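# just the structure for this:
(one chain, ligands or ions: 1)
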Amino acid sequence: DTDRIDAAASDLRAADAALALTGAGVSAPSGVPPFRGEDGVWSEYDPDAFDVWRFRREPGAFWADWLDLRADLLDADVEPNPAHDALADLSAAGHLDALVTQNIDGLHQEAGAEETVELHGNARRATCRNCGWTTSADDARERAESGDLPPRCDVCDGALKPDAVLFGEQLPRGALARARDLAADSDAMVVAGSSLTVEPAASLPAEAAETGATLILVNLEETPLDSRADYVFRADVTEVLPALREAVGE
Ligand code: APR
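Here you go, the predicted structure:
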């Protein structure tokens, strides 16, 4: 694999514009369970319980389930892992223009990545659907745990919603437009830890490949983009990404 890592690294180094797209597999080594694959979140929780229609219909029951899911997803002591660090280093060294992520755990930022595009929002904040007032997810969780189901806005008493994008909800428009522009302009794209099964994120690698980008895929399982990729590393992100970062050099 070192030859393929070196080849991928030289393509990444030679790229004028490059970006990374990450999924839950990048946070899995930190103890954040992925959504699919063995012991994935959706084999334990029903995704329909977390769609935007349920939130609107019964925000209290939504929050009761959200507290359970969140407790499993985002334990307080969840830390960035070497995959997050390698991507943050690559972007700090100017080899990645941005880190587009589907993850809502904020671990890329914690690892020091500057340019992150959060396609599915961020579960570390909660916002009032009526007036836009925002508070930390911890504050919203404390209100919910003390019996406010749903936790309510200090300004207009509307129901607070976690800033994570729910199924059926629009993605943050700015984030999606920026991710699309980055994909269209890129000469290389590193796709790590995503099953590439949820749109529109899943189309970004194909959009990049259509405009000639070199695709470097790192995932433990097959993805629909494997046949389109220039490099497929069927291995752990905590091995491949640090090796890639090392091989790229300064
Ligand atoms: N190294 C490499 N790949 C890994 C690792 C690892 N250590 N751990 C897990 N994976 C792979 C799994 O094999 C799986 O294919 O990461 C992938 C994670 O896929 P999903 O769980 O589907 O996560 P993701 O692609 O981010 O899901 C997209 O779906 O549920 C919605 O909004 C949610 O953002 C999420 C979106």
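
# other SSEs contacting whichever strand in the chain runs longest?
Secondary structure of the chain per DSSP state E: the longest strand is strand 121-128. Here strand 121-128 touches strand 134-136, helix 137-145, strand 160-164, going by 3 or more CB pairs under 8 Å, 6 or more residues apart in numbering; DSSP states H and E. No exception for glycine: its C-beta is placed from N, CA and C like everyone else's.

# contact partners of that strand?
Strand 121-128 is contacted by residues 70, 73-74, 104-106, 133-137, 139-140, 151, 153, 155-156, 158-165, 172 when judged by CB atoms under 8 Å, 6 or more residues apart in numbering.

# cool, stretch 79-90 as well?
Here stretch 79-90 makes contact (CB under 8 Å, 6+ apart) with 12, 20, 22, 26-27, 29-30, 96, 99, 107-108, 110-113, 190, 192-193, 237-238, 241-242, 244-245, 248.

# for that stretch, C-alpha coordinates in PDB please.
What follows is stretch 79-90 as a C-alpha-only set of coordinates in PDB (Å, rounded to 0.1, in the frame of the first residue of the first chain):
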ATOM      1  CA  GLU A  79     -11.900  13.500  21.400                       C
ATOM      2  CA  PRO A  80     -10.500  14.000  17.900                       C
ATOM      3  CA  ASN A  81      -8.500  11.000  16.600                       C
ATOM      4  CA  PRO A  82      -5.400  10.700  14.300                       C
ATOM      5  CA  ALA A  83      -7.700  10.800  11.200                       C
ATOM      6  CA  HIS A  84      -9.100  14.300  12.300                       C
ATOM      7  CA  ASP A  85      -5.500  15.400  13.100                       C
ATOM      8  CA  ALA A  86      -4.100  14.300   9.800                       C
ATOM      9  CA  LEU A  87      -6.900  16.200   7.900                       C
ATOM     10  CA  ALA A  88      -6.400  19.300  10.100                       C
ATOM     11  CA  ASP A  89      -2.600  19.100   9.400                       C
ATOM     12  CA  LEU A  90      -3.100  18.700   5.600                       C
END
